[in-house]
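Q: following is a predicted model, sequence given first.
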Amino acid sequence: MQDFFILDTVFHKGDLLTRAEYENCVFNGCDFAEGNLSAFVFIDCTFSGCNLSLADISQTAFRDVKFQDSKLLGLRFDTCNAFGLSFSFDGCQLNHSSFYRMKLKRTVFRNCQLQEVDFVETDLTGAAFDECSLARATFDRTVLEQADFRKAYDYAIDPDNNRIKKARFSIRGVPGLLEKYGIVIET
């Protein structure tokens, strides 16, 4: 494979990508659904209004990447290249995606749908879930220390099975911490 480097370029809907290293690029309204993005490299890039649902992102590198108002349904982030992995999500749909066993320290999820997402054995130390729906998301042996769930909702987290030291929760999130006990909390 020949190495290609693409810098400071804006891509729009309908543009095709070549396997390459993209640095400081912007992708606006691009549709990569079910596409093959494996082994691509994205550094300091922004995906805005894009659809990457069910794309193959195995060994793809995401370094300081921002996803805004994008559909990322069913993605296997756990198959990405872990070296330098860093991204943030704002206004994205991430339902049915997997972050299994990933290190996502200080990752920001803002205004996102994270329904039925796999966070099993994920390190989410210091992560922020701001106005995020976590319905049926799976937290099992997950590191949630110092994570911020104050504005998250619909989650169920077992404090006995996850590390939650110094994690922040609002009073409205207490039922999600006590769900396993089957008790009824009335307001």
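A: On my side now, so go ahead.
Q: list the buried residues of stretch 166-174.
A: 167, 169, 173 (16 or more other Cβ atoms under 10 Å). Quick note: C-beta positions are derived from backbone N, CA and C, even for glycine.
Q: gap between the first one and residue 159?
A: Plainly put, residue 167 is 9 Å away from residue 159 if you go by Cβ to Cβ, to the nearest Å.
Q: picking up where we left off before, and which of the buried residues of stretch 166-174 is nearest to residue 154?
A: The closest of those to residue 154 turns out to be residue 173 (Cβ to Cβ; 9.4 Å).
Q: if I look at the closest residue to that closest one other than its chain neighbours, how far off is residue 175?
A: With sequence-adjacent residues excluded and distances taken as Cβ to Cβ, 6 or more residues apart in numbering, residue 173 is closest to residue 149, at 5.7 Å. The gap separating residue 149 from residue 175 is 12 Å, by Cβ to Cβ.
Q: and those two? Which one has more around it.
A: residue 149 (24 against 15; other Cβ atoms under 10 Å).
Q: report pLDDT for that one.
A: As predicted, residue 149 sits at a pLDDT of 97.
Q: same check, this time on residue 187
A: For residue 187, the model assigns a pLDDT of 67.
Q: correct me if wrong: residue 5 contacts residue 24.
A: No. Using Cβ atoms under 8 Å, residue 5 is not in contact with residue 24; the gap is 11.0 Å.
Q: between the two, tell me which one has more neighbours.
A: Neighbours around residue 5 and residue 24, counted as other Cβ under 10 Å, are more numerous at residue 24. The numbers are 14 against 10.
Q: what sits against the more buried one?
A: By Cβ atoms under 8 Å, 6 or more residues apart in numbering, residue 24 lies in contact with 7, 8, 43, 44, 45.
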